[in-house]
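> here you go, sequence then predicted model.
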Amino acid sequence: MIDDPKHAKAKKVIIDGKVEWRNFYGRLKGHTLRKSQEGYMGDLDHLSPGLVDFDANPERVPLDIDALTGGRDLWLEVGFGGGEHVVHQAALNPDIKIIGCEPYINGVAMLLGKIRDAGVDNLYVHPGDARDLFDVLPDASLSKAFLLYPDPWPKKRHHRRRFVTPEHLQPLARKLKKGAEFRVATDIADYVRQTLEEVPKAGFEWLAQGAQDWRTPWSDWISTRYEQKAIREGRPQHYLTFRKL
C-alpha cells in the first residue's frame, strides 16, 4: 500500500524474486536547471558507480567492487545536498573512493559543477534512492558512511519516512564492514532521539564518551549550507559517531 499517495513516488521492484513497492518521499527536482548545469549532467555517464537502476539492472547483479575501487577503501555519503562535504572528503582523501547518493536533481547538478571545479577523480555519483544502491553493493564493502543534515520530516506521522528507520539502516549496516564508521549530523533534537534509538538496533555502537564528542564537529569537517542555515536560525548542532559492530 502506498503511504500518502499525494506525496509518494512509488515504484514496483523485485527483490530476491519478491515483488515490493518502494516509496520515495521528497522533492526530485526544483527550479529549472541553468544551461551550464544542464551541461554538467552529461558527466553522470562516466561518474556512475555502475548499473544501479532497476531498468538497467533488473536482476540486481552486484557491482564489481574490485573494478570500482581498484583495491581502495569505499565510502558513501547519503543525501549530499549541494555536494560541499562529499567533494571536500574526496579532495582530502585521494587514496579512497567515495559514492555520493542524492535523488534531488538540482543538488546533483550543483555537485557536478563542484567536481569540475575541484578536479577530483575519486568520486562516483548515484542520482537516486540509496536503497537502490544498497541492492547492488556487496555486503561489507563500505569502510565509512555519512548522513549529514537529512530531511527531518518534523511531523510525528512522517517520522517513518526518515532515513534512521530499519528500512534504511538494516541494509546500510550489511554494506558496512565491521568497525566501519557511520557519521550523522543534524540540528533537529528529535532526529537525534530517533537516531540514538534506532541506529544501535541495526548493529552499531555510539562512540561518544562525553557531551563534547557530539557537540564538536569532526576534525575533517566542512560546514555545509544546511548547517549554516541552522546556525543562523539558532539551532544547536549534533555530530554523532557510530561504529559498526
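Cool, the structure landed. Numbering: from 1, shown residues only.
> going by C-alpha atoms from here, please, whenever you check contacts or count neighbours.
Noted.
> what's the offset of stretch 162-174 from the middle of its chain?
With CA atoms, centre = their mean, to the nearest Å as the basis, stretch 162-174 stands 11 Å off its chain's centre.
> can you show me the CA trace of that stretch as CSV?
Extracted in CSV, the C-alpha atoms of stretch 162-174 (Å, rounded to 0.1, in the frame of the first residue of the first chain):
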residue,chain,number,x,y,z
ARG,A,162,13.3,9.4,8.0
PHE,A,163,16.5,7.6,7.0
VAL,A,164,17.1,6.4,10.5
THR,A,165,14.5,3.6,10.2
PRO,A,166,15.0,-0.1,9.8
GLU,A,167,14.2,0.1,6.1
HIS,A,168,17.3,2.1,5.5
LEU,A,169,19.6,1.3,8.5
GLN,A,170,19.5,-2.5,8.1
PRO,A,171,20.7,-2.6,4.5
LEU,A,172,23.3,0.1,5.3
ALA,A,173,24.6,-2.0,8.2
ARG,A,174,25.0,-5.0,5.9
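> what sits against the closest residue to residue 179 other than its chain neighbours?
Excluding its sequence neighbours, the residue lying closest to residue 179 (CA to CA, 6 or more residues apart in numbering) is residue 244, at 4.9 Å. For residue 244, the contact set (CA atoms under 8 Å, 6 or more residues apart in numbering) comprises 173, 176-182, 203-205.
> beta partners of the one residue sitting closest to the centre of the chain?
Closest to where the C-alpha atoms of the chain average out (CA atoms, centre = their mean) is residue 78, at 0.3 Å. In this entry, residue 78 is beta-bridged to residue 101, residue 147, by DSSP bridges.
> ok, it - contacts?
Here residue 78 is in contact with 100-102, 130, 145-148 (criterion: CA under 8 Å, 6+ apart).
> most neighbours among those residues, please name it.
Using other CA atoms under 10 Å as the neighbour criterion, residue 100 leads these with 28 neighbours.
> still on that earlier bit, separation between the residue nearest to the centre of the chain and residue 65?
18 Å (CA to CA, to the nearest Å).
> what helices or strands is the helix or strand hosting residue 85 leaning on?
In this assignment (DSSP states H and E), residue 85 forms part of helix 84-92. Judged by 3 or more CA pairs under 8 Å, 6 or more residues apart in numbering; DSSP states H and E, helix 84-92 is in contact with strand 97-101, helix 105-118.
> in that helix, what counts as buried?
84-91 (16 or more other CA atoms under 10 Å).
> output it as CSV, nothing but the C-alphas.
Listed next in CSV are the C-alpha coordinates belonging to helix 84-92 (Å, rounded to 0.1, in the frame of the first residue of the first chain):
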residue,chain,number,x,y,z
GLU,A,84,30.2,20.6,-0.4
HIS,A,85,31.1,17.9,2.0
VAL,A,86,31.4,14.9,-0.4
VAL,A,87,33.7,16.9,-2.7
HIS,A,88,35.7,18.1,0.4
GLN,A,89,36.2,14.5,1.5
ALA,A,90,37.2,13.3,-2.0
ALA,A,91,39.8,16.0,-2.2
LEU,A,92,41.1,15.4,1.3
